[in-house]
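Undergrad: Quick one: sequence and predicted model below, then my questions.
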Amino acid sequence: MAPMADLQDPTHPTGPTVGFDLDMTLIDSRPGIHATWLALSERTGTYVDADLVVTRLGPPLETELAHWFPAEQIPAMADLYREMYPTHAITGTLPMPGVHETIAAVHAAGGRAVVVTAKYEPNAKLHLQHLDIAADAVVGNLWAEGKGEALREHGASVYVGDHVGDVRGARTANALSVGVTTGPCDAAELRAAGADVILADLTEFPAWLDRYVRA
């Protein structure tokens with residue numbers, strides 16, 4: 001299993017630092033998230049439409065919980081969901097097509113791959129370790145504009161994501177926004193939000209990155 005560590009000196013990259021969203025950008029977490037919500041529903045006796053939940057991944061967990069639980073229960077339900085998540089979600093999650101080639105392309109260009117996600121950071125790391133995705137750094141618990149703070153901290157010049165919230169994060173960091181249409185937002189939505197580049201999926205990313213670094 002590859003460690004989440006730089007293939008070069010992390011303080012002196014020779015290529016671009018590229019940020020990536022996680023859910024529906026690097027990984028197809030719908031099966032695992034679906035299973036976790038069903039387990040939470042059974043545990044709490046609260047009805048949750050897990051099929052609906054997985055059509056709107058991206059925003060923080062608390063945003064989705066608000067559709068199913070009263071406000072005063074949300075903190076406890078978030079803790080319970082995150083506690084149950086490793087049991088139900090990790091092994092059922094799949095890598096998105098092209099993810100390993102994408103990370104390899106960043107490293108081949110002398111760059112760093114930084115995952116910035118709204119997901120609870122320890123669970124995000126479990127996904128990357130299980131799927132052998134060699135990210136150089138992982139920052140969790142951030143959404144939309146909040147992602148921009150981490151992207152700036154890591155010096156990211158590009159941020160890749162599937163949601164309009166990811167576009168907002170890139171804009172906040174003054175990074176190039178690359179949208180992939182593998183999540184809930186289509187090309188028109190991503191473009192309207194201000195995405196600079198639209199790709200169908202990560203299989204198109206290595207060729208795009210090659211053009212970007214040569215420009």
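TA: All right, it came through fine.

Undergrad: Model confidence score at the residue lying farthest from the centre of the chain, please.
TA: What lies farthest from the middle of the chain is residue 45; by Cα atoms, centre = their mean that is 29.6 Å. Residue 45 carries a pLDDT value of 98.

Undergrad: Got phi/psi on it?
TA: Main-chain dihedrals, residue 45, degrees, to the nearest 10: phi 70, psi 20.

Undergrad: ditto for the one 3 residues further on
TA: Comment: the main-chain dihedrals of residue 48 come out as phi -140, psi 130, following degrees, to the nearest 10.

Undergrad: Would you mind giving the domain segments of this structure?
TA: By the assignment in automatic domain parsing, the chain contains the domains 17-28+94-214, 30-89.

Undergrad: ok, and which of these has the densest surroundings?
TA: The highest mean neighbour count among those, using mean count of other Cβ atoms under 10 Å, belongs to domain 17-28+94-214: a mean of 21. Backbone N, C-alpha and C define where each C-beta goes, glycine included.

Undergrad: Let's see the distance spanning that domain from one end to the other.
TA: 15 Å (Cα to Cα, to the nearest Å).

Undergrad: Same check on stretch 66-79?
TA: 14 Å.

Undergrad: contact partners of it?
TA: With contact meaning Cβ atoms under 8 Å, 6 or more residues apart in numbering, stretch 66-79 is reached by 40, 44, 46-48, 61-62, 65.

Undergrad: Let me see the ranges of the helices in this structure.
TA: Ranges of helices in the chain, per DSSP state H, are 30-44, 50-53, 61-65, 74-89, 99-108, 121-130, 145-153, 164-172, 187-193, 205-214.

Undergrad: Need the contact partners of the first one.
TA: Residues from elsewhere that reach helix 30-44 (Cβ under 8 Å, 6+ apart): 23-24, 46-48, 50-51, 53-54, 57, 69, 77, 80-81, 84-85, 87-94.

Undergrad: and if you look at the shortest one?
TA: With contacts defined as Cβ under 8 Å, 6+ apart, helix 50-53 is touched by 33-35, 37-38, 41, 64.

Undergrad: swap the cut-off to 7 Å and go again
TA: Applying Cβ atoms under 7 Å, 6 or more residues apart in numbering, the external contacts of helix 50-53 come out as 33-34, 37-38, 64.

Undergrad: Equivalent analysis for the last one, please.
TA: By Cβ under 7 Å, 6+ apart, the residues outside helix 205-214 that reach it are 15-16, 98, 101-102, 105-106, 109, 197, 199.

Undergrad: Now with 10 Å, please.
TA: 15-16, 18, 20, 98-99, 101-106, 108-111, 157-158, 160, 176, 178, 180, 197, 199, 202 (Cβ atoms under 10 Å, 6 or more residues apart in numbering).

Undergrad: Quick check: the residue nearest to residue 13 when sequence neighbours are not counted vs residue 47, distance?
TA: The shortest distance from residue 13 to any non-neighbouring residue, by Cβ to Cβ, 6 or more residues apart in numbering, is to residue 112 (5.0 Å). Look at residue 112 and residue 47: by Cβ to Cβ, to the nearest Å, they are 43 Å apart.

Undergrad: repeat for residue 109
TA: Distance from residue 109 to residue 47, by Cβ to Cβ: 48 Å.
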